[in-house]
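Colleague: with the sequence up front, the predicted model follows.
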Amino acid sequence: TSCLWHRTVYVILRLPDERFLLQQRAVWKWRMGGLWDLGLSETVELGEDLWAAANRAVTEELGEHAPRHHLRECCRLSVGWSGSMPQ
């Protein structure tokens, strides 16, 4: 990856009993492989809205039959950047 700024979504899964679902990252991942993660993340594709990217994250990580009817936005962070990227 070239480490360019891009739009992403992050889905945090809360179970009916209020616990959170963790997943272990694949050991082959170039960043933080093998560590535990709180949610699912996905890069938003060109022309895609945030909800579509969140649904795609659930499908790709949990399968096409995973429930999505409780997906909701909890927060939004916008970061603007100008000039060269920090090293």
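Modeller: Done, it's in.
Colleague: per-residue confidence at Cys3?
Modeller: For Cys3, the pLDDT comes out at 58.
Colleague: shaky segments in this protein?
Modeller: For the chain, the stretches with pLDDT under 70 are 1-5, 79-87.
Colleague: mind listing the helices in it by residue range?
Modeller: 50-62 (DSSP state H).
Colleague: please enumerate the strands of the protein.
Modeller: Shown for the chain, the strands assigned by DSSP state E span residues 8-12, 23-24, 36-37, 39-43.
Colleague: of all those strands, which one is nearest Ala57?
Modeller: strand 39-43 (3.8 Å; C-beta to C-beta). Backbone N, C-alpha and C define where each C-beta goes, glycine included.
Colleague: okay, now the sheet partners of the closest one, with direction.
Modeller: Strands adjacent to strand 39-43 in the sheet, as given by DSSP bridges, are strand 8-12 (antiparallel).
Colleague: for the partner strand, the distance to its chain's centre please.
Modeller: Relative to its parent chain, strand 8-12 has a centroid offset of 3 Å by C-alpha atoms, centre = their mean, to the nearest Å.
Colleague: same check on stretch 52-69?
Modeller: With C-alpha atoms, centre = their mean, you get 11 Å for stretch 52-69.
Colleague: I would like the residues contacting it, please.
Modeller: For stretch 52-69, contacts defined as C-beta atoms under 8 Å, 6 or more residues apart in numbering pick out 7-9, 11, 23, 40-45, 48, 71.
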